[in-house]
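> based on what follows, work out the 3D shape:
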Amino acid sequence: MTSQVLSKDALDAVLPPIDRTQLEESAYNAIKVAILTLRLAPGTSLVETSLAKQLGISKTPVRAALTKLKKEALVESVPHKGWWVARLTLADVEEIFEARTLVQGYCAFRLAESITPMQVEELRQCIRATEVALAGGNRSEATDTLGEFDAYISSFLPNEHLRSFLKNLRERLRLIGAVSRQIPDRVEKSIAEHRLILQALEGRDAPQARQLMQEHIGSVRQDFVTAMKLMEWA
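Residues are numbered from 1 along each chain as shown. Predicted coordinates for the structure are as follows:
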């Protein structure tokens with residue numbers, strides 16, 4: 001039997017180029033999950049060679065993944081010094097929660113003035129999704145849907161600049177959400193607080209909606225700072 005010699009074009013058809021974006025995406029997802037589940041705690045050094053070895057890939061896609069995570073404020077770096085998981089200082093947390101209190105309180109106030117029955121139902125469904133996730137023992141999903149409640153409120157407003165600001169702020173909240181999952185009863189408390197906020201929104205009571213939103217954020221801040229101190233991050 002004679003062997004078949006493939007032309008270059010035929011060989012290219014047998015062995016298509018490897019899609020390196022898949023390696024980058026796989027590395028990105030793996031590292032991100034480790035950060036958001038606190039298996040890689042804030043301040044942990046991220047050595048490219050070590051990460052590449054654990055993932056079974058080269059350093060190039062690992063470096064691309066870290067660069068993407070840096071844009072999401074989950075990773076930090078300094079030239080010639082390396083990478084590490086973004087640190088959370090008490091000052092950072094206070095500034096983030098101060099911004100949340102002011103902006104999200106304003107969003108709740110504005111939405112209460114013009115909220116529609118359809119928007120009320122979307123927020124109600126969001127709360128229900130959180131309760132279902134919690135009842136199923138999935139605290140990670142429950143935390144995500146809690147964040148969606150706040151995102152929905154801002155998305156209903158016509159101010160594009162405000163929505164963009166809050167989107168950037170939510171990137172900084174990812175680590176806070178990861179820590180919040182570890183706080184006993186935090187999800188349960190947030191569900192109850194969201195229900196009160198929704199009640200004020202549905203009743204178009206703008207001052208009450210703003211006050212309840214600010215009290216909710218203050219409650220989350222207090223629990224988070226306590227958790228930081230227990231984890232010795234503060």
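> going by C-alpha atoms from here, please, whenever you check contacts or count neighbours.
Fine.
> hmm, who's touching stretch 53-63?
Under the criterion Cα atoms under 8 Å, 6 or more residues apart in numbering, residues 20, 21, 23, 24, 27, 28, 48, 49, 51, 52 lie in contact with stretch 53-63.
> ok, of these, which one's closest to residue 75?
residue 28 (11.3 Å; Cα to Cα).
> wait, that closest one touches residue 69, no?
Yes: judged on Cα atoms under 8 Å, residue 28 makes contact with residue 69 at a distance of 7.3 Å.
> quick one: buried residues of stretch 76-93?
76, 77, 83, 84, 85, 86, 87, 88, 93 (16 or more other Cα atoms under 10 Å).
> element containing the third one, please.
Right, the one you point to is residue 83. strand 82-85 (DSSP states H and E).
> strand partners of that strand, parallel vs antiparallel please.
strand 45-46 (antiparallel), strand 75-78 (antiparallel) (DSSP bridges).
> and it, how far out from the chain's middle?
Centroid displacement of strand 82-85 relative to its chain, using Cα atoms, centre = their mean, to the nearest Å, is 19 Å.
> the helices in the chain, which residues?
Per DSSP state H, the chain carries helices over the ranges 8-14, 20-36, 48-55, 59-71, 90-114, 117-135, 139-155, 160-172, 174-180, 186-202, 206-230.
> just send the ones you listed back as JSON lines, with distance to residue 42 and mean pLDDT too.
Converted to JSON lines, the helices of the chain look like this (distance: least, Cα to Cα, whole Å; pLDDT from 0 to 100):
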{"stretch": "helix 8-14", "distance to residue 42": "45", "mean pLDDT": "47"}
{"stretch": "helix 20-36", "distance to residue 42": "8", "mean pLDDT": "86"}
{"stretch": "helix 48-55", "distance to residue 42": "16", "mean pLDDT": "90"}
{"stretch": "helix 59-71", "distance to residue 42": "13", "mean pLDDT": "93"}
{"stretch": "helix 90-114", "distance to residue 42": "13", "mean pLDDT": "91"}
{"stretch": "helix 117-135", "distance to residue 42": "26", "mean pLDDT": "96"}
{"stretch": "helix 139-155", "distance to residue 42": "18", "mean pLDDT": "87"}
{"stretch": "helix 160-172", "distance to residue 42": "13", "mean pLDDT": "79"}
{"stretch": "helix 174-180", "distance to residue 42": "8", "mean pLDDT": "72"}
{"stretch": "helix 186-202", "distance to residue 42": "21", "mean pLDDT": "96"}
{"stretch": "helix 206-230", "distance to residue 42": "11", "mean pLDDT": "91"}
